[in-house]
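Chemist: Build me a model from this:
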Amino acid sequence: MKLVSRILLHLVWSLSLLLAVWAILFYLAMNDRINAEMDDSLVLRAETILTRYLAGQPLPDAGRGTNGYLLRDIPESYAAVRPKELFSDEKIYIPERDAREPARVLRTLFRDGEGGWHELTVMTPSVGRRTLTQALLRWVVALYAILLLMILVVTVWVLRRTMRPLYALLRWLDDYTVGAQNPPLAADTTVEEFRRLNEAAQHYAARAESLFERQKQFIGNASHEMQTPLAVCRNRLELLVDDPSLTERQLGEIAKVQRTLGYLVRLNRSLLLLTKIENGQFPEMEPVDMNALARTTLEELGEIHAHRGMTCAFRDEGALVVRMNASLAGSLVANLLKNAFVHGRQPGRVIVRVAPGLLEVANDAAGGALDAAHIFDRFYHDARREGSTGLGLAIVDAVCRLYGLHVAYAFEEGMHRFRIRFPESTPRAPSA
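Modeler: You can find the predicted model right below:
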């Protein structure tokens, strides 16, 4: 979840709760104020009637329905248990309408000059109040929704403007490639936290560049230092083989050591090549004719493995010219074909198909389907086969990832098929 989305989610539930409490309190306060206004009006009417009654003046018209008053005598026992002033919401019967309608009622108890108790009931209709409170409720709900929406919109706008330096840093980190020409980080921000974050990112990028340079130097030194002693060991064993005093058993042991050294040499070269590919140490690019490269490599490996009963077929279905490093293109094709010859069924077929945007290598399977999820892992399959280091398909996968190509494996009609799809193809240059 994005940071802005997470902040917005927390704001939604917190502001919803806060504004809901505010809306309820506001509604209750306004409703109480409306009741207070009505109660004040009832008190004023009741005081007017009481003043006239106690002064012996004629009383106003009692009225009818919910907008009148009622004056009656009550016993002292009744007055002793009743509050002297009581407000209530009741439904009063209206004879003219033969129905009961809501009204606000005030009941007041008082004594006259002779000590007699009386109850004055003053009424006022509350239909208008109900309409007013309903309108007030609708406006409170509408105001709640509009206010919440406006707060969220403004918050999102402010957050997006504030987070611009962070988004710029994330884009820079996404596009950053160690060892490549990277654009500088636009650090035009006055926010202290974002400025420190940019400085930390630039610091660690510089550290990664330094480590990358050291790694490249180590790879170059390792390539030179390890190949030389391995070559010396192989030469000394070859000289030792010429010694006439060696027995047949000793010659056999020397041959085993030579095979082991040969495997170490190939393994060392493959590991170094794989590391250089992953480090992006092949920046040179040029148009490569994959048709010619695949045909030549197939013919060479076909001659080498002819004694194993392997037959070759080349299907040229269109030109495939791509821009990539020529050395890596040769390694890509060679490792695909070498994998087909070494791990294919003997005797069997190796078929190469080249079409616009497609390179496919297929070979007869010695067994069932392979695990497509792990087939490109290092040392996944039978690395003990003669001539195999277990890194061929890993190198193929590394080259494809370097150039953004898609390599896929399929088991069809008893054959292993490896397909590489190229996003675009350069027209083949005319031959001289």
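Chemist: domain parsing for this structure?
Modeler: Domains of the chain are assigned by automatic domain parsing as 3-157, 193-276, 284-421.
Chemist: Return the most buried member of the ones you listed.
Modeler: domain 284-421 (a mean of 17; mean count of other C-beta atoms under 10 Å). To be clear about C-beta, it is placed using only N, CA and C from the backbone, and glycine gets the same treatment.
Chemist: For the spatially most distant residue from the centre of the chain, what are phi and psi?
Modeler: Most distant from the centre of the chain: Glu114, at 87.6 Å, with distances by C-alpha atoms, centre = their mean. Per-residue torsions, Glu114: phi -90, psi 0 (degrees, to the nearest 10).
Chemist: Let's see the pLDDT reported for it.
Modeler: pLDDT recorded at Glu114 is 82.
Chemist: separation between it and Ile254?
Modeler: Here the criterion is C-beta to C-beta, to the nearest Å. By it, Glu114 lies 143 Å from Ile254.
Chemist: Glu90 now?
Modeler: Separation of Glu90 from Ile254 (C-beta to C-beta) stands at 118 Å.
Chemist: Could you do Gly414 as well?
Modeler: The value you get for Gly414 to Ile254, if C-beta to C-beta is used, is 41 Å.
Chemist: try Pro244
Modeler: Using C-beta to C-beta, we find Pro244 at a distance of 14 Å from Ile254.
Chemist: go on, Gln134?
Modeler: For Gln134, the distance to Ile254 - C-beta to C-beta - is 105 Å.
Chemist: which element follows the strand ranked longest in the chain toward the C-terminus?
Modeler: Assignment by DSSP state E gives strand 99-111 as the longest strand of the chain. Per DSSP states H and E, the first helix or strand lying C-terminal to strand 99-111 is strand 117-125.
Chemist: who does that next one pair up with?
Modeler: Counting by DSSP bridges, the strands paired with strand 117-125 are strand 69-74 (antiparallel), strand 99-111 (antiparallel).
Chemist: ok, which stretches of the stretch 1-150 of the chain are helices?
Modeler: Ranges of helices in the stretch 1-150 of the chain, per DSSP state H, counting those that start in this stretch, are 3-55, 76-81, 127-162.
Chemist: what does the second one rub up against?
Modeler: Under the contact criterion C-beta atoms under 8 Å, 6 or more residues apart in numbering, helix 76-81 has outside partners 109, 117, 119.
Chemist: again, only this time at 6 Å
Modeler: When contacts are defined by C-beta atoms under 6 Å, 6 or more residues apart in numbering, helix 76-81 is touched by residues 109, 117.
Chemist: what are the phi and psi angles of Leu246?
Modeler: On the backbone of Leu246 - angles per degrees, to the nearest 10 - the values are phi -80, psi 140.
Chemist: and Leu332, which of the helices of the stretch 1-150 of the chain is closest to it?
Modeler: Nearest of these to Leu332, taken as C-beta to C-beta: helix 3-55 at 41.3 Å.
Chemist: The closest one vs helix 127-162, what angle?
Modeler: Counting by axes from the mean of the first three to the mean of the last three C-alpha atoms, to 10 degrees, helix 3-55 lies at 160 degrees to helix 127-162.
Chemist: Quick one: residues contacting Thr189.
Modeler: Thr189 makes contacts with 165, 195, as judged by C-beta under 6 Å, 6+ apart.
Chemist: sorry, back to before: okay if I get the domains of the chain as JSON lines plus distance to Asp174?
Modeler: Compiled in JSON lines, those are given as follows (distance: least, C-beta to C-beta, whole Å):
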{"stretch": "domain 3-157", "distance to Asp174": "16"}
{"stretch": "domain 193-276", "distance to Asp174": "12"}
{"stretch": "domain 284-421", "distance to Asp174": "15"}
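Chemist: Pro165 is nearest to which of those?
Modeler: Set against Pro165 and scored by C-beta to C-beta, these come closest in domain 193-276, at 4.1 Å.
Chemist: Okay, now the unreliable bits of the stretch 251-400 of the chain?
Modeler: Under the criterion pLDDT under 70, the flagged ranges of the stretch 251-400 of the chain are 274, 278-282, 371, 378-390.
Chemist: which residues in it form helices?
Modeler: 290-304, 326-343, 392-403.
Chemist: so which of the domains of the chain gets nearest Arg171?
Modeler: domain 193-276 (11.7 Å).
Chemist: and Thr108, what are its bridge partners?
Modeler: Where Thr108 sits in a bridge, its partners, by DSSP bridges, are Glu85, Leu120.
Chemist: Can you verify my assumption that it contacts Glu85?
Modeler: Yes. The pair Thr108 / Glu85 is scored as a contact, 5.3 Å apart, by C-beta atoms under 6 Å.
Chemist: need the contact list for Gly309.
Modeler: 346-347.
Chemist: how near is Ala55 to Gly113?
Modeler: From Ala55 across to Gly113, the span is 10 Å (C-beta to C-beta).
Chemist: Likewise for Ala231?
Modeler: In this view, Ala231 and Gly113 are 135 Å apart by C-beta to C-beta.
Chemist: Then Leu71?
Modeler: Computed as C-beta to C-beta, the Leu71 to Gly113 distance reads 15 Å.
Chemist: likewise Leu230?
Modeler: 131 Å.
Chemist: And for Val265?
Modeler: Counting by C-beta to C-beta, the gap from Val265 to Gly113 is 130 Å.
Chemist: Kindly report the same for Glu303.
Modeler: 139 Å.
Chemist: now the helices of the stretch 1-150 of the chain as a markdown table including distance to Leu173?
Modeler: Below are the helices of the stretch 1-150 of the chain laid out as a markdown table (distance: least, C-beta to C-beta, whole Å):
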| stretch | distance to Leu173 |
| --- | --- |
| helix 3-55 | 15 |
| helix 76-81 | 81 |
| helix 127-162 | 19 |
